[in-house]
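[1] fold the following for me, if possible:
(one chain, ligands or ions: 1)
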Amino acid sequence: MAAPLDLRFVTSADRLEHLPDTPAEVAVVGRSNVGKSSLINALAKRTGLANTSKTPGRTQLLNCYALPDGTTVVDCPGYGYAKVSKVQRASMAAMIERYLLDREELQMVMVLVDGEVGPTSLDLSMLEWLRAEGLPHQVVATKHDKVKAAQRDKRKRQLAEACDLEPGDVVWVSATRNVGVDRLRDLVRVWLAP
Ligand code: GDP
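    Residues are numbered from 1 along each chain as shown. Prediction:
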């Protein structure tokens, strides 16, 4: 079993310049409600660590968590968040894009896709954009437990195909049932290794 990631909340930043210096970073993106906070809590085996992103105001910020060696995980604002205006949404998307493009220490972008729902058009635009910019990214399908066992193979093929990937390219996780969480912890450690 991979030990939990010893993540501590560092800060919520409204722009890249307000994030701490770091030797290496991974970012987490996904539409709101995809299971981002639950996954960060599962990686750390903590409850409530990533709930800060739910408090009003913080939903629009880059929430930064650090490991003891100073490497960091940044939770980006969920896209498609219903409770913000069109203008706010556009400025948030611009802020996320700037951060992803300009953060030199960024090693990997985890793109969370709801495993039950499959990729939305927003998820597909994000993937297309990451590919066009040549940014390293990993698709993580959430809520594995919500897909019936008999449907899983088919669903895994469908989700991968919709993302223009092979089934083996997608990491499936369930934060509630702790499926795939160990594997993802190992991957995060590899991405953050010097
Ligand atoms: P966020 O908005 O992306 O941070 O999403 P949350 O982590 O708050 O999760 C959104 C909803 O999906 C919540 O009701 C969670 O309990 C639920 N959820 C998240 N992960 C899982 C999972 O692995 N399995 C199931 N069944 N539900 C999940």
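
[2] residues contacting the helix or strand bottoming out on mean pLDDT in the chain, please?
    When the helices and strands of the chain are scored by mean pLDDT, DSSP states H and E, helix 86-102 comes last with a mean of 90. Identification of contacts with helix 86-102 by Cβ atoms under 8 Å, 6 or more residues apart in numbering yields 14-16, 27, 29, 60, 62, 74, 76-77, 79-81, 84, 106, 109, 129-130, 133, 135. Where C-beta positions appear, they are placed from N, C-alpha and C, glycine not excepted.

[3] contacts only, for the spatially most central residue of the chain.
    In the chain, the residue lying closest to the centroid (Cα atoms, centre = their mean) is Val28, at 2.4 Å. Val28 makes contact with Lys36, Leu39, Ile40, Val73, Val74, Asp75, Cys76, Val109, Met110, Leu112, according to Cβ under 8 Å, 6+ apart.

[4] so which of those residues are in strands?
    Judged by DSSP state E, the contacts of Val28 include Val73, Val74, Asp75, Val109, Met110, Leu112 as members of strands.

[5] go back to the residues you listed and keep what's next to the ligand.
    Contacts with the ligand within the ones in strands among the contacts of Val28, as defined by Cβ under 6 Å from any ligand atom: none are present.

[6] any chance of those in JSON lines, with pLDDT too?
    Listed next are these as JSON lines, based on pLDDT from 0 to 100:
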{"residue": "Val73", "pLDDT": "98"}
{"residue": "Val74", "pLDDT": "97"}
{"residue": "Asp75", "pLDDT": "95"}
{"residue": "Val109", "pLDDT": "98"}
{"residue": "Met110", "pLDDT": "98"}
{"residue": "Leu112", "pLDDT": "98"}
